[in-house]
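Peer 1: Dropping a prediction and its sequence here:
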Amino acid sequence: IAGITQAPTSQILAAGRRMTLRCTQDMRHNAMYWYRQDLGLGLRLIHYSNTAGTTGKGEVPDGYSVSRANTDDFPLTLASAVPSQTSVYFCASGAGGGTGELFFGEGSRLTVL
Amino acid sequence: QKEVEQNSGPLSVPEGAIASLNCTYSDRGSQSFFWYRQYSGKSPELIMSIYSNGDKEDGRFTAQLNKASQYVSLLIRDSQPSDSATYLCAVNQPTTGSNSGYALNFGKGTSLLVTP
C-alpha cells in the first residue's frame, strides 16, 4: 500500500538519550517534512527537504536534525532528548513547489521523561 | 512567522445543519489554501484545496476564498456526526533559508462537534 510509514508509533525515552524517528515514503515525492503537534499549539514545522540531498530549517528546529540521503527516507534525530520534546511527530511528503497537498504518516508519539 | 488564525472552538452544530469554519491569514502573497481534517488520535487528511477567489464545491464541502480580506472558510452542509473532528486551515508559504521551497503553515485548528 502506497503511503508514508513512520516508526516507532510510540516511544518513552529518558532525557538525554538519543532517538531517531524513521520516515519512509513510496510515492516518489520530492518534498518531505517533519511537524510536531502539541495541544494548543497546532502543527509546527521542524525541518523540511525539497529534494534528496537538501534540507532546511522550519519554525522549531532546535534540538533536531535531519538527513535526506535518498528520495524515500527522511529520518529525524533528537541528539539529546529533553522533556519539552514530548510531542506527536508527523512526517509528511508532497510533490513540492506550490501544490501544497501533503500526505501524512500516522505519527510517532514520543514521551521524554 | 506568518500567521494563520482559526477559532479553536469547539463549534457545536446539530446533525443536518451547516457548519461554518473560518480562517484568516497574514501573508498577503499567499496563493494556495487547504483544509485538512484530523480525527482524534489520527493524522491530518486533505479534504479541500482552493487557489482562486470564490467558491469551490466538492460534495457536501464548499471552500471559500477572499484574498482581499485574507479569509478562507469551509462550509459543511448536512453535517453528520462522522464530521466531528478538528479542521485545520493551512496556507502554502515559502520557506526561508538557503534551500528555499514551500511548506504548509497550519492554523491551530477548530474542533467541530456534530450532535445527533
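Peer 2: Received, thanks.
Peer 1: From B:L112, how far out is B:A19?
Peer 2: The gap separating B:A19 from B:L112 is 6 Å, by Cβ to Cβ, to the nearest Å. In short, each C-beta sits where N, CA and C put it, glycine included.
Peer 1: Spit out the residues that contact these two alike.
Peer 2: Common contacts of B:A19 and B:L112 (Cβ atoms under 8 Å, 6 or more residues apart in numbering or on different chains): B:11, B:13, B:76, B:79, B:83.
Peer 1: got a winner among the residues you listed for most neighbours?
Peer 2: When neighbours are taken as other Cβ atoms under 10 Å in any protein chain shown, the top entry among the shared contacts of B:A19 and B:L112 is B:I76 (23 neighbours).
Peer 1: For that one, give its distance to chain A.
Peer 2: Per Cβ to the nearest Cβ, to the nearest Å, B:I76 is found 20 Å from chain A.
Peer 1: Just the pLDDT at B:S100, thanks.
Peer 2: You'll see B:S100 listed with a pLDDT of 70.
Peer 1: Does it belong to a helix, a strand or coil?
Peer 2: At B:S100 the chain is in coil, as set by DSSP: H, G, I helix; E, B strand; the rest coil.
Peer 1: And the pLDDT at the residue nearest to it when sequence neighbours are not counted?
Peer 2: Excluding the flanking residues, the one nearest B:S100 by Cβ to Cβ, 6 or more residues apart in numbering or on different chains is B:P94, at 6.0 Å. Note on B:P94: pLDDT of 83.
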